[in-house]
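J.: got a predicted structure here, sequence first:
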Amino acid sequence: MRPCTHEAGCCCHLDRGEPFLHPCLLLLLLREPGHGYELLDRLNNYGLSTVDTGGLYRHLRRLEKQGFLASSWDTEGRGPARRMYTVTSAGIAHLAQWVDIARQQARALQEFAADAEAALKALESTEQDDHDSNKGEPHT
């Protein structure tokens, strides 16, 4: 996917990735429990490299409050204690719902892309035909 090159006010920048963050966190933590800071690196795989640390922890707390995650303090190892997150059974069910939604959206996006591509090609062809038919006429 090409990155957006539009100005900051462009609709491409609205909610950049945020709706996708919750299912990504659930998936990553289902694969391997972890702490917030380490999740920042793992989110890059899903195009979520712009998530800030504070925002990430707010989302983790929200998922925990909703019952989709559980956490405990990890005091092993060097350094300060870290809050480790794991997915609950409710989180697994929620992730399964997201998978269904993602599949539906993927189909809709594929259809949209094919339709838009066809419309753009038709427009391009029409513009080329108009250009070709005006070649011999003088400019006014």
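T.: Arrived safely. Residues are numbered from 1 along each chain as shown.
J.: what mean pLDDT does the longest helix seen in the chain have?
T.: Counting by DSSP state H, the longest helix found in the chain is helix 89-133. Per-residue pLDDT values across helix 89-133 average out to 91.
J.: repeat for stretch 62-70
T.: Mean per-residue pLDDT for stretch 62-70: 96.
J.: report the buried residues of it.
T.: Across stretch 62-70, burial judged by 16 or more other CB atoms under 10 Å covers 63, 64, 68, 69, 70. Just so you know, the C-beta spots here come from the backbone N, C-alpha and C atoms, and that holds for glycine as well.
J.: backbone phi and psi for the fourth one, please?
T.: What that stands for is residue 69. For residue 69, the backbone dihedrals (degrees, to the nearest 10) come out as phi -130, psi 160.
J.: surely it meets residue 88?
T.: Yes: Residue 69 sits in contact with residue 88 when judged by CB atoms under 8 Å, with a separation of 6.4 Å.
J.: if we can go back for a sec, got TSV for the buried residues of stretch 62-70, with distance to residue 118 and secondary structure too?
T.: Formatted as TSV, the buried residues of stretch 62-70 follow (distance: CB to CB, whole Å; DSSP: H, G, I helix; E, B strand; the rest coil):
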residue	distance to residue 118	secondary structure
63	40	helix
64	46	helix
68	40	coil
69	43	strand
70	48	strand
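J.: could you export those residues as JSON lines, including distance to residue 111?
T.: Output for those, formatted as JSON lines (distance: CB to CB, whole Å):
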{"residue": "63", "distance to residue 111": "31"}
{"residue": "64", "distance to residue 111": "37"}
{"residue": "68", "distance to residue 111": "31"}
{"residue": "69", "distance to residue 111": "34"}
{"residue": "70", "distance to residue 111": "39"}
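J.: which pair of the residues you listed spans the longest distance?
T.: Greatest spatial distance among the buried residues of stretch 62-70 (CB to CB): 63 and 70, at 9.9 Å.
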